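> Sharing a model that was predicted from the sequence below.
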Amino acid sequence: MTTMNARLSVMMFLQFFIWGGWFVTLGTFLSSTLGASGGQIGMAFSTQSWGAIVAPFVIGLIADRYFNAERILAVLHLLGAVLLYQLYSAADFSVFYPYVLVYMVIYMPTLALVNSVAFRQMRDPALEFSRIRVWGTIGWIVAGVVISFVFAWDSREAISAGGLRNTFLMAAIASLVLGLYSFTLPATAPLKEQASTGGIKQLLGLDALGLLKDRSYLVFFIASILICIPLAFYYQNANPFLAETGMTNPTAKMAIGQVSEVLFMLLLPLFIQRFGIKLALLVGMLAWALRYVLFAYGNNGDLAFMLFTGIALHGICYDFFFVSGQIYTDAKAPERFRSSAQGLITLATYGVGMLIGFWVAGQVTDRFVVAGGHDWQSIWLFPAGFALLVLVCFLFTFRGQQALATPSKA
């Protein structure tokens, strides 16, 4: 690994260590420590979607036009450290919610910013990006290991004592470190032509919408929104589902998904080079459908292997669709608004798609509440069928390039 790639890998590690350090256990923390209702928990999860919707405008207004991306990244994470500390100190949900909303509006643009900083330093993004992005997944895994095995904040005793509150303090410290570290990252200045030209579309980052004139990219964009509906079911329901089945330490065991994510991210460039972007995206969608079928029919007894297989499929689910989509977006976007394009795909997935998905997941889950828990088989079959429908539509409508060419410099 080159020195430059090592520096970018540290950036990715901290970026996702921060997120994984509090987001996985958010629902448990809100219900057990702050006494939040199911509706309030849904509101808290949806803040990431509102942040993602705002993200393209932040990137278009600032990163692609006026200031270096790494400096904006630094400022946002320093502000984030202050907000995470406020979450650590919040006494009830009414105090917690405004801070988490503002924090996610600040944090979500940084997902596109770290991609922009990384892509601008690469000669061959299709080959190099996954090797750097994988360190973000490792950061997420390490955060979970620290929570479960170093401090045991998610043990029953610690949860009862409010131990999960410490996850926000840990994330605040990591955010402070990344904020300071970002000032040392390679300069990622706005492109001259971007800074010198005007227009309201360019000012707001809406010039990236020009990508949607390409039929194949439009199909991919719509599919990205739709496949996030099944994704929301996993984020919102996987941990409660595993707990209701009687699985011990479900949070720690869910890290199997991130381990598989590391492995498949390393394989992704080879797969794309050999089989093309369309097949990679289709495999990702098929994995979502298969995962939920395994959840629907597995149990914590003789069919526990089905639950663990479903968790392990996370690597294919996430890498083969979402990371492939980031690479595909970078290849399709002209250089002058590549940061805006990354913000646009963030809006489609973590923004619009997840916002719809969290609402749908909540409605479906409430529909199948039964005495003593939920009818999980019926709940999981819904996203399984939905993911399969998206796959079939994508198969017959997407005509994207089979191999990723050098990105356009237009």
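Done, it's in.

> pLDDT weak spots in the stretch 201-350 of the chain?
For the stretch 201-350 of the chain, the stretches with pLDDT under 70 are 201-207, 339.

> can you pull out the helices in it?
For the stretch 201-350 of the chain, the helices defined by DSSP state H, counting those that start in this stretch cover 215-244, 250-253, 255-275, 277-297, 304-312, 314-318, 324-332, 338-346.

> Give me the contact list for the third one.
Outside helix 255-275, the residues within contact range by Cβ atoms under 8 Å, 6 or more residues apart in numbering are 20, 126-127, 130-131, 133-134, 137-138, 140-141, 144-145, 279-280, 283, 308, 311-316, 318-320, 323-324, 327, 402-404. C-betas here are computed from N, CA, C, even on glycine.

> what angle do it and helix 304-312 make?
For helix 255-275 against helix 304-312, the angle by axes from the mean of the first three to the mean of the last three Cα atoms, to 10 degrees is 60 degrees.

> Then the longest one?
Taking the same axes, to 10 degrees, one finds that helix 215-244 is oriented at 140 degrees with respect to helix 304-312.

> Nearest residue to the middle of this structure?
The centroid of the chain falls nearest to residue 350 when counting by Cα atoms, centre = their mean (6.5 Å).

> neighbours of residue 380, just the number please.
28 (other Cβ atoms under 10 Å).

> ok, it touching residue 295?
Yes: counting by Cβ atoms under 8 Å, residue 380 touches residue 295, with 4.3 Å between them.

> Between the two, which contacts overlap?
residue 241.

> before we move on, the earlier item: deepest in the core, which of the helices of the stretch 201-350 of the chain is it.
Highest mean neighbour count among the helices of the stretch 201-350 of the chain (mean count of other Cβ atoms under 10 Å): helix 338-346, with a mean of 29.

> tell me what that helix is packed against?
helix 38-58, helix 93-120, helix 215-244, helix 324-332 (3 or more Cβ pairs under 8 Å, 6 or more residues apart in numbering; DSSP states H and E).

> Restrict that helix to CA atoms and write it as CSV.
The C-alpha trace of helix 338-346 is given here as CSV (Å, rounded to 0.1, in the frame of the first residue of the first chain):
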residue,chain,number,x,y,z
ARG,A,338,-17.9,14.5,-9.7
SER,A,339,-18.4,15.6,-6.0
SER,A,340,-21.9,16.6,-6.8
ALA,A,341,-22.5,13.2,-8.4
GLN,A,342,-21.4,11.4,-5.3
GLY,A,343,-23.7,13.6,-3.3
LEU,A,344,-26.5,12.8,-5.7
ILE,A,345,-26.2,9.0,-5.2
THR,A,346,-26.0,9.6,-1.5
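
> I'd like to know how many residues surround residue 39.
Counted with other Cβ under 10 Å, the neighbours of residue 39 add up to 10.

> Could you do the one 3 residues further on as well?
Using other Cβ under 10 Å, residue 42 is surrounded by 19 other residues.

> Skip the chain neighbours and tell me the closest residue to it.
residue 362 (4.9 Å; Cβ to Cβ, 6 or more residues apart in numbering).

> now the helix or strand hosting the one you found: how far from the chain's centre is it?
Following DSSP states H and E, one finds residue 362 within helix 354-367. Chain-centre distance of helix 354-367: 18 Å, with Cα atoms, centre = their mean, to the nearest Å.

> which parts of that helix are buried?
Within helix 354-367, the residues scored as buried using 16 or more other Cβ atoms under 10 Å are 354, 355, 356, 357, 358, 360, 361, 362, 364, 365.

> from memory the second one sits against residue 46, does it?
By that I understand residue 355. Yes: here residue 355 reaches residue 46: they are 5.9 Å apart, a contact under Cβ under 8 Å.

> picking up where we left off before, residues contacting the residue nearest to the centre of the chain?
The contact partners of residue 350, by Cβ under 8 Å, 6+ apart, come to 48, 49, 51, 52, 55, 108, 111, 228.

> Closest one to residue 14 out of those residues, please.
Distance to residue 14, by Cβ to Cβ, is smallest for residue 111 among these, at 12.8 Å.

> tell me the contacts of residue 129?
For residue 129, the contacting residues are 118, 119, 122, 323, 326, 327, 330, by Cβ under 8 Å, 6+ apart.

> Residue 349 now?
52, 224, 225, 228, 322, 325 are the contacts of residue 349 under Cβ under 8 Å, 6+ apart.

> Ignoring the adjacent residues along the chain, who's closest to the second one?
Among residues not flanking residue 224 along the chain, residue 348 sits closest, at 4.6 Å (Cβ to Cβ, 6+ apart).

> What distance do you get for the one you found to residue 144?
Per Cβ to Cβ, to the nearest Å, residue 348 is found 27 Å from residue 144.

> mean confidence for stretch 119-129?
Per-residue pLDDT over stretch 119-129 has a mean of 83.

> measure that stretch end to end?
Distance between the two ends of stretch 119-129: 7 Å, counting by Cα to Cα, to the nearest Å.

> Report how many residues lie close to residue 369.
Number of residues near residue 369 (other Cβ under 10 Å) recorded here: 12.

> Which residue, other than its chain neighbours, is closest to it?
residue 375 (7.9 Å).

> Give me the neighbour count for that neighbour.
The burial count for residue 375: 13, using other Cβ under 10 Å.

> What distance do you get for it to residue 368?
Going from residue 375 to residue 368 by Cβ to Cβ gives 4 Å.

> Dihedrals phi and psi, residue 370?
When read as degrees, to the nearest 10, the backbone of residue 370 gives phi -130, psi 170.

> typo on my end, it should be residue 276
Torsion angles at residue 276 (phi, psi; degrees, to the nearest 10) stand at phi 90, psi 160.
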